[in-house]
Structure formats: C-alpha cells, structure tokens
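A.B. asks: turn this into a model:
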Amino acid sequence: MQNVSPFKGLKDKVTELNIDGVKIRLQPKVEDAELFLTMKQGEALDEQTAGIPTKVLFRMIKRANKEDDDEDIKTFIALHYGSLMVQIAPLFGFKVDAKALEEKVKKKQ
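C.D. replies: As a prediction, this is how the structure comes out:
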C-alpha cells in the first residue's frame with residue numbers, strides 16, 4: 001500500500017461554492033487567509049483595512065476564473081457580499097456566526 005501525500009495537487013485545487021443559488025469556482029491560497037486574519041474583529045475598519053475582504057474575495061474568484069472580466073467579478077461580489085463572507089470564512093477554518101456577520105456587512109454597506 002502506497003502512502004499518498006495529503007498535500008499532493010492542492011496548489012491547483014479549485015473549490016466550488018453555491019452562493020445564493022449560483023455555483024462559483026474559487027481558489028483559496030494562504031495569502032488570502034493571512035489577509036482575512038488582518039481584519040479587525042468587532043472594530044470599525046479604517047480606510048486601509050476596509051478593502052481587505054473585497055481583495056480576498058476577488059483574488060480567490062479571479063484565480064479560478066481567469067477568463068472572466070474583473071468588473072463582472074467585482075459586481076458579483078458586491079451583489080453577494082454577505083453570502084460570500086459567510087461561506088468563505090470556513091474555508092480558512094474560521095467559525096462564523098452567519099447572522100452576526102451578515103448584520104455587520106449590511107451595517108457597513
């Protein structure tokens with residue numbers, strides 16, 4: 001019996017999520033998780049950190065959908081921001097209170 005490495009092929013793995021009834025592809029990387037961690041929990045975001053969630057979402061989606069238009073992806077993100085945040089956070093191992101996060105996102109918009 002051969003041992004298969006749990007790491008083999010992960011760099012190319014594309015994840016699919018169902019966001020508000022639409023199946024999307026994304027490719028999370030460690031850099032995205034690091035940016036996710038820099039977000040201040042429970043604090044007002046300053047100008048520098050306010051754009052971090054959008055950058056993380058955009059990069060993960062674009063990486064898996066290189067052929068799609070940047071502005072189309074950004075518009076999708078804008079229309080589904082709360083759902084994206086709730087479903088992507090667990091990819092990085094974060095436990096999410098969906099209702100609290102959606103309220104926070106709605107409040108900031």
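A.B. asks: test for you: state the pLDDT assigned to Gly21.
C.D. replies: If you check Gly21, the pLDDT there is 94.
A.B. asks: Phe94 and Asp32 touch, don't they?
C.D. replies: No: counting by C-beta atoms under 8 Å, Phe94 stays clear of Asp32, with 11.9 Å between them. The way it works is simple: take the backbone N, C-alpha and C, and place the C-beta from them, glycine included.
A.B. asks: pretty sure Lys74 sits against Phe58.
C.D. replies: Yes: in this structure, Lys74 is within contact of Phe58 by C-beta under 8 Å, at 6.3 Å.
A.B. asks: that older thread, between Phe94 and Asp32, who's got more neighbours?
C.D. replies: Between Phe94 and Asp32, counted using other C-beta atoms under 10 Å, the more crowded position is Asp32 (21 against 12).
A.B. asks: my read: the more buried one touches Phe58, true?
C.D. replies: No: contact criterion C-beta under 8 Å: Asp32 and Phe58 do not qualify, at 10.0 Å.
A.B. asks: pLDDT weak spots in this protein?
C.D. replies: Residues of the chain meeting the criterion pLDDT under 70: 1, 38-45, 96-109.
A.B. asks: which stretches in it count as strands?
C.D. replies: Under the criterion DSSP state E, the chain contains strands at 15-19, 22-26.
A.B. asks: right, and those strands - which one's nearest Val4?
C.D. replies: Closest to Val4 of these, according to C-beta to C-beta: strand 15-19, at 19.8 Å.
A.B. asks: the closest one pairs with which strands, parallel or anti?
C.D. replies: Paired strands of strand 15-19, with direction, are strand 22-26 (antiparallel) (DSSP bridges).
A.B. asks: Lys74 and Phe58: who's more crowded?
C.D. replies: Neighbour tally, Lys74 and Phe58, criterion other C-beta under 10 Å: the higher count belongs to Phe58, 18 against 15.
A.B. asks: that one contacts Phe76, correct?
C.D. replies: No: the pair Phe58 and Phe76 fails to qualify as a contact (C-beta under 8 Å) at a distance of 9.7 Å.
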